[in-house]
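1. Just need the structure, nothing else, for what follows:
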Amino acid sequence: MVEKTALSINQRPRFLLVVLWPVSIVLGAELFAFISAVPIGFTDTSSALFFFSMSTLFGAIGGLVAGVVIGSVQRMLLPSWVPWSKRWVRATLLGWVLIGSMVWLLFGTVYLASDKQGLPSEIGGVAMLAGVVALAGIGIATIQFLFMRPLAKSASSIWLGASIKGWLVGAAVWAALTYLIFFVGIKHEVANYLVLPVSGGIAGAITGAVMNNLVSAFGMELRSSENREPTP
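-> From the prediction side, this is the model:
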């Protein structure tokens, strides 16, 4: 009789991973948006250098908070025997800090170029914001991929592919909803507030399902190797 170990529990459905994975991304992304947007309301934009410095700083701070929240929740959802679980918080934290600061450099440029009126509401502006969010999500996933690759080459490639698909689909759905909101006559600021929950939620749902499959596949592989070991 095979001894019941942590690996045998892998057969149970991981509903929490599938459900809470996207929730963690939405929660962390909203915290990032709230914290990193502080310079827009309280920083003097007459000095571009000072404004860019503050945007980058608060982008990094927002990324730090988001990375801790998302990385910690997702780490708790990952079984300890998955090889990349021990690196997940570091990878997620680093990704959000680096990409968060870079994103706000770009947003700061757009904000100043639009004469302090915020992001443009035209079709080009919506497409640009959707593209930036998608690229940010893909950038974070790429850093996670680099942390995963030495430990699980195949799984890391699958993860990166799923993340690219998830963030592109999420950003595209948000853009479509935004255009619909425009036609209804609702102000574009409402749509801007939805960009991270919609994009992050969809990306999280897709990547959470894929991560669940990766964990299941790795667990099956470990159980198979465990069963092949000769009994003393």
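2. Skip the chain neighbours and tell me the closest residue to residue 196.
-> residue 29 (4.0 Å; CB to CB, 6 or more residues apart in numbering). C-betas here are computed from N, CA, C, even on glycine.
3. In which helix or strand does residue 80 reside?
-> Counting by DSSP states H and E, no helix or strand carries residue 80.
4. quick one: contacts of stretch 80-94?
-> With CB atoms under 8 Å, 6 or more residues apart in numbering as the test, stretch 80-94 has contacts from 6-7, 64, 67-68, 70-72, 74-75, 78-79, 140, 143-144, 146-148, 151-152, 155-156, 215, 218-219, 222.
5. neighbours around residue 63, how many?
-> When counting by other CB atoms under 10 Å, one arrives at 30 neighbours for residue 63.
6. Pick out the residue nearest the middle of the protein.
-> The centre of the chain sits closest to residue 137, judged by CA atoms, centre = their mean, with a distance of 5.0 Å.
7. which among the contacts of stretch 80-94 end up buried?
-> Neighbour counting with 16 or more other CB atoms under 10 Å marks 7, 64, 67-68, 70-72, 74-75, 78, 140, 143-144, 147-148, 152, 155-156, 215, 218-219, 222 as buried within these.
8. give me the element the residue nearest to residue 196 is part of.
-> helix 15-36.
9. Which neighbouring elements make contact with that helix?
-> Applying 3 or more CB pairs under 8 Å, 6 or more residues apart in numbering; DSSP states H and E, one finds that helix 15-36 contacts helix 48-77, helix 88-113, helix 188-228.
10. Is it possible to get JSON lines of the ones you listed that adds distance to residue 33?
-> Below are the helices and strands packed on helix 15-36 laid out as JSON lines (distance: least, CB to CB, whole Å):
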{"stretch": "helix 48-77", "distance to residue 33": "7"}
{"stretch": "helix 88-113", "distance to residue 33": "10"}
{"stretch": "helix 188-228", "distance to residue 33": "5"}
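11. quick one: which of those is nearest residue 164?
-> helix 188-228 (9.6 Å; CB to CB).
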